[in-house]
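Undergrad: Kindly generate the corresponding structure for this input.
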Amino acid sequence: MPLKEKQIQQTRLEAETRKEATVKGAEAAALARVIDSKAELEKRNLMSEADAQRVRLLAVADATRLKSEAEVLKDNPLLIQKIIAERLSDKVQIMMVPMDGKGFFANDVLKTTAAGSGFSFSTQSGR
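TA: The predicted model follows:
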């Protein structure tokens, strides 16, 4: 019987050792998951801060650009018409004329055609 009890005792000790190893392994795995989660959270926070900094820098750059554009347009108001003309499609043909009409030969042409020649004005398309 003493041999059998020693075997039972040894089996219990081995079981406890396996149990402790399993518990320690589970604790280590849990700790690793906690560390991974903290690292992921820190990564997300850093990415958010970087994105916010990028947005702030873009906003400052846009504000500076808009301020300089406003100053240029204030000094040269006719640039607005030029910008509009440049942004129109390549398919549309336009002609820019002075707003006061002085010195523009088309005034005479427009007056004669408006008198009933049946000529109509329209925007030409390149299609």
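
Undergrad: Tell me how far the spatially most central residue of the chain lies from residue 48.
TA: Centroid check for the chain by CA atoms, centre = their mean gives residue 55 as the closest residue, at 8.7 Å. Distance of residue 55 to residue 48, computed by CB to CB, to the nearest Å: 11 Å. For the C-beta atoms, the positions are set from N, CA and C on the backbone; glycine is no exception.

Undergrad: before we move on, what about residue 3?
TA: With CB to CB as the criterion, residue 3 and residue 48 are 67 Å apart.

Undergrad: what do you get for residue 12?
TA: 53 Å.

Undergrad: other SSEs contacting the longest helix along the chain?
TA: Criterion DSSP state H: the longest helix present in the chain is helix 2-75. Packing partners of helix 2-75 (3 or more CB pairs under 8 Å, 6 or more residues apart in numbering; DSSP states H and E): helix 79-87.

Undergrad: Helix 2-75 and the helix it packs on, what's the angle between them?
TA: With axes from the mean of the first three to the mean of the last three CA atoms, to 10 degrees defining the directions, helix 79-87 sits at 120 degrees from helix 2-75.

Undergrad: From the contact counts, what lies against helix 79-87?
TA: Secondary-structure packing of helix 79-87 (3+ CB pairs under 8 Å, 6+ apart): helix 2-75.

Undergrad: More neighbours: residue 3 and residue 48, which one.
TA: Neighbours per residue, other CB atoms under 10 Å: of residue 3 and residue 48, the larger number sits with residue 48, 10 against 7.

Undergrad: Can you read off the pLDDT for that one?
TA: pLDDT, residue 48: 97.

Undergrad: got it, and the one 3 residues further on?
TA: In the predicted model, residue 51 carries a pLDDT score of 97.
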